[in-house]
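J.: Requesting a structural model of the entry that follows:
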Amino acid sequence: MAQGAGQHENRQGRLVALVIAGAMLLWIVVQWLGPKLGLAGRFAILIDLAVLAAFIWAMVVSLRMWRHRQKQGK
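T.: As a prediction, this is how the structure comes out:
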């Protein structure tokens, strides 16, 4: 059972890392491509808010993982 919980925690950690990396990559690409494609500034703000939401989600999940580890005594 403990090994299954460890695998779940590892999977969550990888997902958090992928979300952070993917959100940052998306933000960089949109900031670079937006002006070249003539996108309105409101689309840049929309992407900014989406990336901010992804970072907040990643922070919440990371804090939940940290608290769970503290509770388990690892």
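J.: Make sure residue 23 is actually in contact with residue 51.
T.: Yes: between residue 23 and residue 51 there is a contact under C-beta atoms under 8 Å: 4.6 Å. Just so you know, the C-beta spots here come from the backbone N, C-alpha and C atoms, and that holds for glycine as well.
J.: and the longest helix seen in the chain, which residues are buried?
T.: Longest helix in the chain by number of residues, with DSSP state H as the criterion: helix 2-37. Neighbour counts over helix 2-37 (16 or more other C-beta atoms under 10 Å) mark 16, 20, 23, 27, 30 as buried.
J.: Give me the number of neighbouring residues for the residue nearest to the second one when sequence neighbours are not counted.
T.: With C-beta to C-beta, 6 or more residues apart in numbering as the measure, residue 58 is the residue that lies nearest to residue 20, at 5.1 Å, once sequence neighbours are left out. Around residue 58 there are 18 other residues, counting by other C-beta atoms under 10 Å.
J.: thinking residue 58 is in contact with residue 19, fair?
T.: Yes: Residue 58 lies in contact with residue 19 (C-beta under 8 Å); the separation is 5.2 Å.
J.: No further questions, thank you.
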